[in-house]
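Peer 1: Give me the fold of what follows.
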Amino acid sequence: MKVLEINSIQKEDGYIYYIHHYKAVAKVEVLSSIISIPISFTVETNPLGIRTVDLDPLPAKLDYPVIPITKAIKALIDKMAQEGTLPQV
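Peer 2: You can find the predicted model right below:
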């Protein structure tokens, strides 16, 4: 299992400046096939600058354990937030 990319990232409107809500599509390679998973996630930065990534539950139709996919997607989102590649507007 490998997360190839997260694309079609759209930021949703929010009223709290340190919480950012996004919707996107994650492309994941699972057992020699590539599947696209619609995801929704939140990136929150606390007053000390520590970033927290929350991923909404994945669809139940996946034929692969959800926990490894969730961890890999969260790690990629955190890396993208650290690099500044997530949309800000």
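
Peer 1: what residues are up against the residue nearest the centre of the chain?
Peer 2: Central residue of the chain (C-alpha atoms, centre = their mean): Ile77, 4.8 Å from the mean position. For Ile77, the contact set (C-beta atoms under 8 Å, 6 or more residues apart in numbering) comprises Ile6, Phe41, Val43, Val53, Leu55, Leu86. Bear in mind the C-beta positions are built from the backbone N, C-alpha and C, glycine included.

Peer 1: same thing with Val28?
Peer 2: Met1, Lys2, Val3, Leu4, Ile34, Ile35, Ser36, Ile37, Ile69, Ala72, Ile73.

Peer 1: Quick check: the farthest pair among the contacts of Ile77?
Peer 2: Leu55 and Leu86 (13.7 Å; C-beta to C-beta).

Peer 1: which stretches of the protein form strands?
Peer 2: Along the chain, the segments classed as strands by DSSP state E run 2-12, 19-30, 33-45, 51-55.

Peer 1: Looking at these, which one is packed in the most?
Peer 2: Of all the strands of the chain, strand 19-30 has the most neighbours on average by mean count of other C-beta atoms under 10 Å, namely a mean of 17.

Peer 1: Can you list the strands that that strand pairs with?
Peer 2: The strands beside strand 19-30 in its sheet (DSSP bridges) come out as strand 2-12 (antiparallel), strand 33-45 (antiparallel).

Peer 1: could those strands go into a markdown table alongside distance to Ala60 and mean pLDDT?
Peer 2: Putting those into a markdown table (distance: least, C-beta to C-beta, whole Å; pLDDT from 0 to 100) gives the following:
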| stretch | distance to Ala60 | mean pLDDT |
| --- | --- | --- |
| strand 2-12 | 19 | 94 |
| strand 33-45 | 12 | 94 |
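
Peer 1: so which of these comes closest to Lys61?
Peer 2: Nearest to Lys61, of these and by C-beta to C-beta, is strand 33-45 at 9.5 Å.

Peer 1: and the closest one, how far out from the chain's middle?
Peer 2: 4 Å (C-alpha atoms, centre = their mean, to the nearest Å).

Peer 1: Contacts for it, please.
Peer 2: 4, 6, 18-28, 51-56, 58-59, 62, 69, 73-74, 77, 81, 86.
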